[in-house]
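S.K.: no letters, just coordinates:
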């Protein structure tokens, strides 16, 4: 019998699930049969059929509590939580204001803790997947607070996995470059984007759906004994300048 992933009957919440990487995660969860709700500060122009939207600022603990209650009230249960909301513009550490850095850490680290805490209250067993970043696994020049927050998110994942087992499984996905609609703009245009992709051993950035597939696996029964893990989805990482000089 072929192995399949069937999440029919499961209810999932994806923060920041309407755009970019989050949209890829949402679409792959839907394809696996899950009922999906997405949360964000503003409603996307379009969502896949059957996907519901909840307005919430996940940096606000009170808003998060209300969000989780609303999802359970609408769907009767919650089985999967994906902490995807995050991001940061590029700002040199010396130029970043204290307020800017605090907001970045709130969104990329503390929000996941708030959502996880609220999810534990309403979930009867279940899975939490935190979307981290390659920036948290290596130096992150230009996005210091973001990289530090994502490194903290991986540590948070491992800590909560220990504290909350066996009731909840908690894992993370450390994504590398992902070709979203904003990819070319972020790297200064098509030429810059192509140069960035050339540093990836696989020769290209991931698609949002490929990050989504990793999330679906971690949320599925196929990963029933996987908790406290960080799954790198980065195409082999990034080739260091030294390696390029040496021809590796």
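M.R.: Looks like it arrived, so ask away. Since the structure is predicted, the reported quantities are computational estimates derived from the model, not experimental observations.

S.K.: going forward, measure contacts and count neighbours with C-alpha atoms only.
M.R.: Noted.

S.K.: pLDDT below threshold where in the protein?
M.R.: 240-248 (pLDDT under 70).

S.K.: quick check: the spatially closest residue to residue 167 that is not a sequence neighbour vs residue 66, distance?
M.R.: Of all residues not flanking residue 167 in the chain, residue 125 sits nearest, at 4.7 Å (Cα to Cα, 6 or more residues apart in numbering). Distance from residue 125 to residue 66, counting by Cα to Cα, to the nearest Å: 20 Å.

S.K.: would you mind telling me which of those two has more residues around it?
M.R.: Neighbour comparison, residue 125 and residue 66: the larger count goes to residue 125, with 15 against 12 (by other Cα atoms under 10 Å).

S.K.: which residues touch the more buried one?
M.R.: 79, 166-168 (Cα atoms under 8 Å, 6 or more residues apart in numbering).

S.K.: please produce a PyMOL select command covering the buried subset of those.
M.R.: Here is the PyMOL selection string for the buried members of those, based on 16 or more other Cα atoms under 10 Å:
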select buried, resi 79+168
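
S.K.: out of the contacts of residue 125, which sit inside strands?
M.R.: Among the contacts of residue 125, the members found in strands (DSSP state E) are residue 168.

S.K.: widest-spaced pair of the contacts of residue 125?
M.R.: Within the contacts of residue 125, 79 and 166 form the most distant pair, 14.2 Å apart (Cα to Cα).

S.K.: returning to that earlier point: mind giving me TSV with the contacts of residue 125 and columns for distance to residue 90?
M.R.: Converted to TSV, those look like this (distance: Cα to Cα, whole Å):
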residue	distance to residue 90
79	35
166	39
167	38
168	35
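
S.K.: ok, so of the contacts of residue 125, who is nearest residue 85?
M.R.: residue 79 (18.3 Å).

S.K.: and stretch 202-216, end to end?
M.R.: Using Cα to Cα, the end-to-end distance of stretch 202-216 comes out at 22 Å.

S.K.: how about stretch 91-111?
M.R.: Across stretch 91-111, the terminal residues are separated by 21 Å (Cα to Cα).

S.K.: report the distance from it to the chain centre.
M.R.: 18 Å (Cα atoms, centre = their mean, to the nearest Å).

S.K.: which of the residues in that stretch are buried?
M.R.: 91, 96, 101, 103-111.

S.K.: likewise for stretch 51-58?
M.R.: Buried, per 16+ other Cα under 10 Å, within stretch 51-58: 51-54, 56-58.

S.K.: let me know the closest of the residues you listed to residue 18.
M.R.: Nearest member of those to residue 18, counting by Cα to Cα, is residue 53, at 8.5 Å.

S.K.: is the closest one in a helix, a strand, or coil?
M.R.: Of the three states, residue 53 takes strand under DSSP: H, G, I helix; E, B strand; the rest coil.

S.K.: now do the contacts for it.
M.R.: 37-40, 43.

S.K.: would you mind measuring from the residue nearest to it when sequence neighbours are not counted to residue 24?
M.R.: Distances taken as Cα to Cα, 6+ apart place residue 38 nearest to residue 53, at 5.0 Å, with adjacent residues excluded. Going from residue 38 to residue 24 by Cα to Cα gives 12 Å.
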